[in-house]
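**Student:** coords below, sequence missing:
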Ligand code: UDX
Ligand code: UDX
């Protein structure tokens, strides 16, 4: 099939390359000429594992191209996916300005087309967006009634850093459909993918995406709340507590004498907060949507409240143990919101760095990938410096705060920590280190564990 995709970002480009890989002819549309040029020269404008390889392969078969001309792409295709951003507004509500703009432009394009055309909303949009915003705009500008064109809502479940894998190996395909004809046409697009296909309403498809992300975010904030209670309770260790919970056979069944260990358990684990371009935005948008529907989302609000404060658990632990943060040399380990990505959007490290600076600490930051040359959302005006190696980050510090579980940080040893400073504090914001390696040899302090002063080995 001929498919146009409006918005060639993480979601749009991965979707385009994935569909071209199974034989569809794909036209990526983007306002960013730079991106258009790069895609047409077979170079991916974003880093995602295997994306470059698949893009080159699809390009060589002339199955993918890019343009900034939306109208021609729509007219030359049978199906159009919408994958433009749906960022947060200041009040946390969803910003649908790009969705509206693109729906308008697609409507104008369809004015000149008589053949049936399917529009598929893939951007993450709150329930009722497709039916109340996208369809009326396309009807208005195409001068056609819905039904003369088809509409589906097809949420994406792509994780950054694993987006190509997730697209090529879907665990489900959710097809929200205006009508059977629309749904059948979209199911045809995905016929090469062997997985569960759920056919449902447009609103349900929109709600499935938000519910999915909000549940994962809730698991994280729940685990962090347990950690914060443990931090106040001598003799408890939140990581031990959650390991105990992970053994509940309803969460972690025993099959043929082996534990299934479902992936969701890795979200039921304490940390210093969730980040990224999805969880924070999506939970805020769902909460704001609920309020618009005159429902007060108590749990979603609490998930956001816990998450907002969680990074500051690290700075308050450091302050408690150092007495003050003023003029203390602090290393923040990790800036990306999660390992194996260069994305710092809503990273917990950002609010932690701001807090440390406000307490007049001397902050250095080390991240294996993100540095002053490639940081995308610059931490403008923040007075900290980038360390250019792990050793450089740790040397001579009063405390090291681990925020992101980069594999490189496994190289940290008590000996390395003592390099240059008598006995720095290592605060583990992710339960990343093996405590047996550090306890008794250095001031190792994981979140979620109550270690009162007397247990801290004096230097
Ligand atoms: C975005 C949203 O963030 C996500 O919620 C939604 O599910 C899919 O789209 P992502 O692909 O990560 O996800 O966004 P981004 O990487 O910012 O890419 C969006 C692309 O759309 C950019 O390349 C941008 O140039 C392009 N764009 C944006 C258009 O082509 N036209 C527009 O009007 C706006
Ligand atoms: C998320 C969803 O996983 C994906 O299905 C959806 O399409 C987009 O949003 P993403 O934000 O890219 O994807 O990555 P994810 O790996 O889920 O990380 C989100 C947050 O959860 C991060 O802050 C990360 O630190 C945290 N996380 C992730 C955990 O706490 N545990 C994990 O095992 C994985």
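**Tutor:** That came in fine, so what should we check first? Everything quoted here is computed from the prediction, not taken from an experiment. Ligands and ions are numbered 1, 2, ... in the order given.

**Student:** separation between residue 395 and residue 327?
**Tutor:** 17 Å (C-beta to C-beta, to the nearest Å). (Glycine included, C-beta is placed from N, CA and C.)

**Student:** compare these two (neighbour count), which wins?
**Tutor:** Using other C-beta atoms under 10 Å as the criterion, residue 395 and residue 327 rank with residue 395 on top: 18 against 10.

**Student:** separation between residue 242 and residue 219?
**Tutor:** Taking C-beta to C-beta as the measure, residue 242 falls 10 Å from residue 219.

**Student:** spatially nearest residue to whichever residue of the stretch 101-250 of the chain sits closest to ligand 2 (excluding sequence neighbours)?
**Tutor:** Ligand 2 sits closest to residue 160 of the stretch 101-250 of the chain, with a gap of 3.5 Å, by C-beta to the nearest ligand atom. Distances taken as C-beta to C-beta, 6 or more residues apart in numbering place residue 341 nearest to residue 160, at 5.0 Å, with adjacent residues excluded.

**Student:** any stretches of the stretch 251-400 of the chain with poor pLDDT?
**Tutor:** Residues of the stretch 251-400 of the chain meeting the criterion pLDDT under 70: 376-378.

**Student:** would you confirm that residue 59 belongs to a helix?
**Tutor:** Yes: the assignment for residue 59 (DSSP: H, G, I helix; E, B strand; the rest coil) places it in a helix.

**Student:** how about it, what does it touch?
**Tutor:** 40, 42, 65 (C-beta atoms under 8 Å, 6 or more residues apart in numbering).

**Student:** would you map the strands across the stretch 1-150 of the chain?
**Tutor:** Assigned by DSSP state E, counting those that start in this stretch, the stretch 1-150 of the chain shows strands spanning 2-6, 25-29, 64-67, 79-82, 118-121, 150-153.

**Student:** make JSON lines out of these and add mean neighbour count, mean pLDDT and distance to ligand 1.
**Tutor:** Below are the strands of the stretch 1-150 of the chain laid out as JSON lines (neighbours: other C-beta atoms under 10 Å; pLDDT from 0 to 100; distance: least, C-beta to the nearest ligand atom, whole Å):
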{"stretch": "strand 2-6", "mean neighbour count": "24", "mean pLDDT": "98", "distance to ligand 1": "6"}
{"stretch": "strand 25-29", "mean neighbour count": "26", "mean pLDDT": "98", "distance to ligand 1": "6"}
{"stretch": "strand 64-67", "mean neighbour count": "22", "mean pLDDT": "98", "distance to ligand 1": "10"}
{"stretch": "strand 79-82", "mean neighbour count": "26", "mean pLDDT": "98", "distance to ligand 1": "8"}
{"stretch": "strand 118-121", "mean neighbour count": "27", "mean pLDDT": "98", "distance to ligand 1": "9"}
{"stretch": "strand 150-153", "mean neighbour count": "27", "mean pLDDT": "98", "distance to ligand 1": "11"}
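
**Student:** quick check: domain ranges of this protein?
**Tutor:** Using automatic domain parsing, the domain parsing of the chain gives 2-200, 212-307, 311-455.

**Student:** anything in stretch 333-352 near ligand 1?
**Tutor:** No: if you take C-beta under 6 Å from any ligand atom as the test, stretch 333-352 misses ligand 1, and the best it gets is 9.1 Å.

**Student:** can you check stretch 83-96 too?
**Tutor:** Yes: interface with ligand 1: stretch 83-96 contributes 83, 84, 85, 86 (C-beta under 6 Å from any ligand atom).

**Student:** quick one: which of these is nearest to residue 26?
**Tutor:** residue 83 (11.9 Å; C-beta to C-beta).

**Student:** check contacts around the nearest residue to the closest one once chain neighbours are set aside.
**Tutor:** Nearest residue to residue 83, sequence neighbours excluded (C-beta to C-beta, 6+ apart): residue 12, at 3.5 Å. Residues near residue 12 by C-beta under 8 Å, 6+ apart: 5, 6, 28, 30, 81, 83, 84, 122.

**Student:** farthest pair within those?
**Tutor:** Taking C-beta to C-beta, no two of these sit farther apart than 30 and 122, at 14.5 Å.

**Student:** could you find the closest non-adjacent residue to the most centrally placed residue in the chain?
**Tutor:** In the chain, the residue lying closest to the centroid (C-alpha atoms, centre = their mean) is residue 276, at 3.9 Å. With sequence-adjacent residues excluded and distances taken as C-beta to C-beta, 6+ apart, residue 276 is closest to residue 337, at 4.6 Å.

**Student:** am I right that the one you found is in contact with residue 347?
**Tutor:** Yes: between residue 337 and residue 347 there is a contact under C-beta atoms under 8 Å: 3.9 Å.

**Student:** higher neighbour count, those two?
**Tutor:** Just comparing residue 337 and residue 347: by other C-beta under 10 Å the higher neighbour count belongs to residue 347, 28 against 25.

**Student:** hang on, the more buried one packs against residue 341?
**Tutor:** No: contact criterion C-beta under 8 Å: residue 347 and residue 341 do not qualify, at 9.8 Å.

**Student:** what segments of the stretch 151-300 of the chain are helices?
**Tutor:** 163-168, 180-189, 202-231, 238-245, 279-292, 298-309 (DSSP state H, counting those that start in this stretch).

**Student:** the longest one packs against which elements?
**Tutor:** Meaning helix 202-231. strand 150-153, strand 173-177, helix 238-245, helix 279-292, helix 298-309, helix 312-322 (3 or more C-beta pairs under 8 Å, 6 or more residues apart in numbering; DSSP states H and E).

**Student:** ok and the second one relative to helix 202-231, angle-wise?
**Tutor:** I take that to be strand 173-177. Orientation check (axes from the mean of the first three to the mean of the last three C-alpha atoms, to 10 degrees): strand 173-177 against helix 202-231 gives 130 degrees.

**Student:** pLDDT on strand 173-177, on average?
**Tutor:** Averaging pLDDT along strand 173-177 yields 98.

**Student:** who does that strand pair up with?
**Tutor:** strand 150-153 (antiparallel), strand 197-200 (parallel) (DSSP bridges).

**Student:** would you tell me which of those gets closest to residue 367?
**Tutor:** Of those, nearest to residue 367 by C-beta to C-beta is strand 150-153, at 36.2 Å.

**Student:** run through the bridge partners of the closest residue to residue 80 other than its chain neighbours.
**Tutor:** Distances taken as C-beta to C-beta, 6+ apart place residue 4 nearest to residue 80, at 4.6 Å, with adjacent residues excluded. Beta-bridge pairing of residue 4 under DSSP bridges involves residue 27, residue 80.

**Student:** please consider this matter closed, and thank you.
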